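Chemist: Structure for the following, please:
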Amino acid sequence: MAGSERARQCGGDVERYEELARIAESAAFHFVFIADHQGVIDGHAIMSRVGRNDGFEPITLLSALSSRTRDIGLVATATTTYYQPYNLARMFASLDHLSKGRAAWNIVTSAMDPEAQNFGQERLPDHDERYARASEFVEIVKGLWDTWQDDAFVRDRQTGIYADTAKLHVLNHRGNYFSVRGPLNIARPPQGYPVLVQAGASDAGIAFAAEVAEVVFTAEPSIENGKRYYASLKQKARALGRKDDRVVIMPGIVPIVGKTKQEAAEKLQRLRAATHIDVQIGAADIWLGAVTDLRSVDLDSLVPETLPETNSIKSRQKLLVGVAARQKFTWRQLIQLISDSKGHLMVVGTPEEIADAMVGTFDQHAADGFNVLPATAPGGLKDFVDLVVPELRRRGKFRSKYTGGTLRENLGLERPANQFAQAM
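Modeler: Numbering: from 1, shown residues only. Presented below is the predicted three-dimensional model:
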């Protein structure tokens, strides 16, 4: 959830996040999702105008929210490029225990050189190398979560036995990127593994998602784009022996909701008027991979059909340039599109129109659900909950209450068996 309507809602205000989580939980949303970067990623020219450089570290924040919410899932972003597997496995296991089985890990590989420069590097590692490291990283983390069987900690006062070490499995991993002995110094998470979330859409990202992801975030600005992505990812997962319902695809949607079409359009115009051109250009620079000096281009000239290759967000650059080519956008139009939606599906209209778009996308097999990205918070989120959610329920397309005790149960995902216990 992004955006702000009041200056008092600073990034370090935990009550602000609690308010948003409670609004989402009141509507039985599956989860709240906290994005993250390992550093400040905006250029100095616009740093004074953006709010995302003042925010909590996600796992810390969601640990606090775990005691302030009861049912809603808690998705934290963490990079495999700059964390170590042991630390991260322990942190997510802790969050899963604290929340009684509501944790999820959004697996990213980092996307900007300023992140690398906070960890002794000038540049990010190569794109495909980052995914190779991520694959090994996730394998280790799952192995660490499995090093204790579910019933290993017996805590028997009569015998004085705290842990049954026959149910301990030392990992002893030796790989291309990591050497990790184990075992993890916390019991197996309540969900077995926190839910694994991923958002890559490059060739390497799709292959990684097909292998490990249980929830997949994606940016698909049209149903046709979404149908192609959905079919491709499901097919790749199927080829690896995974069932379709074990890979939940959730494209982003940016809803601008009004009681009338005109009211929704006026909300969008106010939002655009409040967004400085420097911020728009800065956002476009990031999502296009920082390969073009957008401050020197003729904004009314057509966007070229190709841009220089980026080592950053390859899939989003490809998607956005593709949209610009099909629509014959000028740079000004593309920058506005990125400012509005970052390439996600944006629907400006009445609750019925937004519900139509969501149900149509779902029925045409372009989505299993949606990552709702309100343009403002809390107002945009409240509009969606108060106006769109009742319409979805009227159509029988969204639940009215939580049905499970863990995030996995609410998403319809199986609890994974312990790989080492299975092998015994």
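Chemist: just how off-centre is stretch 184-201 within its chain?
Modeler: 14 Å (C-alpha atoms, centre = their mean, to the nearest Å).
Chemist: I should have written stretch 36-51 there, sorry.
Modeler: 19 Å.
Chemist: OK, contacts around Ala24?
Modeler: Residues near Ala24 by C-beta atoms under 8 Å, 6 or more residues apart in numbering: 1, 32, 72, 381, 385. Where you see a C-beta, it was placed from the backbone N, CA and C, and this is true even at glycine.
Chemist: wait, isn't the fourth one in contact with Pro374?
Modeler: Yes: taking C-beta atoms under 8 Å as the contact criterion, Leu381 and Pro374 are neighbours in contact, 4.5 Å apart.
Chemist: Check what pLDDT the nearest residue to Ile286 once chain neighbours are set aside gets.
Modeler: Spatial nearest neighbour of Ile286, chain neighbours left out: Ile41 (6.6 Å); criterion: C-beta to C-beta, 6 or more residues apart in numbering. Listed pLDDT for Ile41 reads 73.
Chemist: quick one: the helix or strand hosting Asp128 to chain centroid distance?
Modeler: Secondary structure from DSSP states H and E places Asp128 in helix 127-145. Distance, stretch centre to chain centre, for helix 127-145: 17 Å (C-alpha atoms, centre = their mean).
Chemist: any idea which helix or strand comes after it?
Modeler: strand 173-174.
Chemist: which helices and strands does that next one pack with?
Modeler: Of the remaining helices and strands, those touching strand 173-174 by 3 or more C-beta pairs under 8 Å, 6 or more residues apart in numbering; DSSP states H and E are helix 127-145.
Chemist: how about 10 Å then?
Modeler: helix 127-145, strand 179-180 (3 or more C-beta pairs under 10 Å, 6 or more residues apart in numbering; DSSP states H and E).
Chemist: Relative to it, what are the paired strands and their orientations?
Modeler: strand 179-180 (antiparallel) (DSSP bridges).
Chemist: The partner strand: what's the following helix or strand?
Modeler: Assigned by DSSP H and E, the successor of strand 179-180 is strand 195-198.
Chemist: For that following strand, name the packing helices and strands.
Modeler: Short answer (3+ C-beta pairs under 10 Å, 6+ apart): strand 195-198 packs on strand 31-34, strand 73-79, strand 103-108, helix 127-145, helix 203-212, strand 215-218, strand 248-257, helix 407-411.
Chemist: Might you report the residue contacts of the closest residue to Val385 other than its chain neighbours?
Modeler: Spatial nearest neighbour of Val385, excluding adjacent residues (C-beta to C-beta, 6+ apart): Ala27 at 4.4 Å. Applying C-beta atoms under 10 Å, 6 or more residues apart in numbering, we find Ala27 in contact with 72, 372, 381-382, 384-386, 388-390, 392-393, 398-400.
Chemist: isn't Ile277 right next to Trp331, touching?
Modeler: No: counting by C-beta atoms under 10 Å, Ile277 stays clear of Trp331, with 11.9 Å between them.
Chemist: the more surrounded of the two?
Modeler: Trp331 (20 against 13; other C-beta atoms under 10 Å).
Chemist: where does the more buried one fall, phi/psi-wise?
Modeler: Main-chain torsions, Trp331, degrees, to the nearest 10: phi -60, psi -40.
Chemist: quick one on the thing from earlier: so for Lys234, which of the helices and strands packed on strand 195-198 sits nearest?
Modeler: Among the helices and strands packed on strand 195-198, strand 248-257 comes nearest to Lys234, with 7.6 Å by C-beta to C-beta.
Chemist: What strands line up against that closest one, and which way round?
Modeler: strand 215-218 (parallel), strand 345-349 (parallel), strand 371-372 (parallel).
Chemist: Name the residues of the helix holding Asp128 that are buried.
Modeler: Under the neighbour-count criterion of 16 or more other C-beta atoms under 10 Å, helix 127-145 has 127-128, 130-145 buried.
Chemist: Tell me which of the strands paired with strand 248-257 is the most buried.
Modeler: strand 215-218 (a mean of 26; mean count of other C-beta atoms under 10 Å).
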